[in-house]
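**Student:** Can you look at this prediction? I've put the sequence above it.
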Amino acid sequence: MNAKTNIPAVSSRIIRARFNPIRNLRPDVLSRALEEFEAGRLGSASRIFEAILRRDDIICGLNLKRKKSIARLESEIVVDDDSARAFKHKEILSEFYSTLEARSFCDGNQRGGLRMLVSQMMDAVPMKYSAHKIEFFESGGKVRGIFKQYPLWLFENTSGKLRILKSEGQLTDGDPLDEDEWMVTCGDGLMAASSIAYIFKQLPLKDWLIYCERNGMPGIKAKTDAFPDSPQWEAACEAVADFGAEFHAVLSEGTDIEAIDLSTRGELPYPALVERVDRMLCALWRGSDLSTISGKNQQGASVQWYESTLIEEADAAMISDTLNRNVDAQVIKLALGDDAPLAKFKLKLPDYEMHKYELEIIERLAALGLKPDLTELSRRFAVPANGGGGENAGEIRGGSAGDPENNGAESQNSEGKEDEQHESR
């Protein structure tokens, strides 16, 4: 039979490479890196973690939300007793934390104060460790400090304590860290689980993208009675290639061109699997599914957001305890020579019970037709307003705040019901 098929064999590999966010990252590569991380060789896994934190939209957003929710908290210096010495310690620590400087080893452009330091320390949540080298010095009779964050791939942990390497990829043991010069923050290390979810999310995501590109234009099949490799055959091959379809074939026996429909009948499995992983990541990082992608017709985070405050409290305690242990005592000793500080740094958490009570009042007012200003609410509770904000923007239980006719009708109905109840009494 004089039949020959002309189908590109490498097109799928080219498309996969085009959408591959981290080159050469496969499940076996990630598994080996995670095993090395657990054994104390942190380099390969920490590099992968950093890349995923920058490139995956869901993980990047969750990480930034987790960091900023703690970095935005106000701080205070609390005293252990009412003595004059304790208040002197408080004054010294307040001055130190208000003037400290945070820097980055990798990016000399990054400089900031206490909020930047807290944000850098929160890298321990995804990476498990965050290391800072501290430089204490005196200026104007006051103790000052510079905190420089070093990347995790410059350390090894084979001995159970971080040791710094002279160069990345060093296989020998690193140098021990001077506890008076280094501050190590220890966190949950969520990227170990998140990286596994990430790489298996990429498989259906890539297939989904490939499906969309393949079926955006139908395949072309051409039939001709010309023999393979003849001028007529080559002309037919050029003709189908000019259509621009990824899938095309040239067959003998007659001359005919028709579309090949490769689309799937029914619902595709890819979206559900990708959404399942994204929702799992939201629960892992934030304690509950606060993502607007978690369901249809979602307009923002649930008003039950205070149920996730346990994570925020734990993160704030992690930051405060680390600074108390590594910084407070040294600052007091350098300033006054006292061995034990009588004051300590603390991040102030919002009064969640008061916020819960306020939300209940707002819900009752909204049920009566009184629409609060969502811009003010978003500022008060640090959550995004529905629809991007604006005066009385969004919707709260029962009607659109932007619909004056609806609001007026609800207000009249509410007043009418109150009049009826009054007359019945």
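**Tutor:** On my side now, so go ahead.
**Student:** Any stretches of this structure with poor pLDDT?
**Tutor:** 1-23, 214-225, 240, 242-266, 288-308, 351-357, 378-425 (pLDDT under 70).
**Student:** mind giving me the domain split of it?
**Tutor:** The chain breaks down into these domains under automatic domain parsing: 10-217+267-350, 219-260, 351-425.
**Student:** Next, format those domains as CSV and append mean neighbour count.
**Tutor:** Placement of C-beta: from N, CA and C, glycine included. Putting the domains of the chain into CSV (neighbours: other C-beta atoms under 10 Å) gives the following:
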stretch, mean neighbour count
domain 10-217+267-350, 16
domain 219-260, 15
domain 351-425, 14
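**Student:** Tell me how far Phe155 lies from Phe136.
**Tutor:** Applying C-beta to C-beta, to the nearest Å, the value for Phe155 to Phe136 is 22 Å.
**Student:** cool, Cys212 as well?
**Tutor:** Separation of Cys212 from Phe136 (C-beta to C-beta) stands at 57 Å.
**Student:** in terms of contact, does Leu154 touch Arg163 like I think?
**Tutor:** No: using C-beta atoms under 8 Å, Leu154 is not in contact with Arg163; the gap is 10.1 Å.
**Student:** can you tell me the helix or strand for the nearest residue to Phe96 once chain neighbours are set aside?
**Tutor:** Excluding its sequence neighbours, the residue lying closest to Phe96 (C-beta to C-beta, 6 or more residues apart in numbering) is Val331, at 5.0 Å. Taking DSSP states H and E as the criterion, Val331 maps to helix 329-336.
**Student:** Run through who's touching that helix.
**Tutor:** By C-beta atoms under 8 Å, 6 or more residues apart in numbering, the list of residues contacting helix 329-336 from outside reads 88-89, 92-93, 96, 134, 136, 138, 142-143, 145, 180, 338-343.
**Student:** What's the first helix or strand after it?
**Tutor:** For helix 329-336, the following helix or strand on the C-terminal side (DSSP H and E) is strand 343-347.
**Student:** For that next one, name the packing helices and strands.
**Tutor:** Packing partners of strand 343-347 (3 or more C-beta pairs under 8 Å, 6 or more residues apart in numbering; DSSP states H and E): strand 75-79, helix 84-99, helix 309-323.
**Student:** Tell me the strands beside it, with direction?
**Tutor:** Here strand 343-347 has these sheet partners by DSSP bridges: strand 75-79 (antiparallel).
**Student:** residues touching Ala192, list them.
**Tutor:** Ala192 is in contact with Leu34, Phe37, Ala45, Lys128, counting by C-beta under 8 Å, 6+ apart.
**Student:** Now with 10 Å, please.
**Tutor:** By C-beta atoms under 10 Å, 6 or more residues apart in numbering, Ala192 lies in contact with Leu30, Ala33, Leu34, Phe37, Glu38, Ala45, Phe49, Pro126, Met127, Lys128.
**Student:** Secondary structure element for it, which one?
**Tutor:** According to DSSP H and E, Ala192 maps onto helix 191-215.
**Student:** could you pull out the strands for this structure?
**Tutor:** 75-79, 101-104, 111-112, 129-139, 142-150, 155-156, 163-164, 175-176, 182-186, 219-224, 248-252, 256-260, 343-347 (DSSP state E).
**Student:** Serialize the ones you listed to a markdown table and add fields for distance to Glu267.
**Tutor:** What follows is these, written out as a markdown table (distance: least, C-beta to C-beta, whole Å):
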| stretch | distance to Glu267 |
| --- | --- |
| strand 75-79 | 50 |
| strand 101-104 | 46 |
| strand 111-112 | 48 |
| strand 129-139 | 43 |
| strand 142-150 | 46 |
| strand 155-156 | 47 |
| strand 163-164 | 52 |
| strand 175-176 | 57 |
| strand 182-186 | 44 |
| strand 219-224 | 22 |
| strand 248-252 | 28 |
| strand 256-260 | 22 |
| strand 343-347 | 46 |
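**Student:** who wins for proximity to Leu323 among these?
**Tutor:** With respect to Leu323, and counting by C-beta to C-beta, the nearest of the strands of the chain is strand 343-347 at 4.9 Å.
**Student:** Determine the angle, from 0 to 180 degrees, between that closest one and helix 309-323.
**Tutor:** For strand 343-347 against helix 309-323, the angle by axes from the mean of the first three to the mean of the last three C-alpha atoms, to 10 degrees is 150 degrees.
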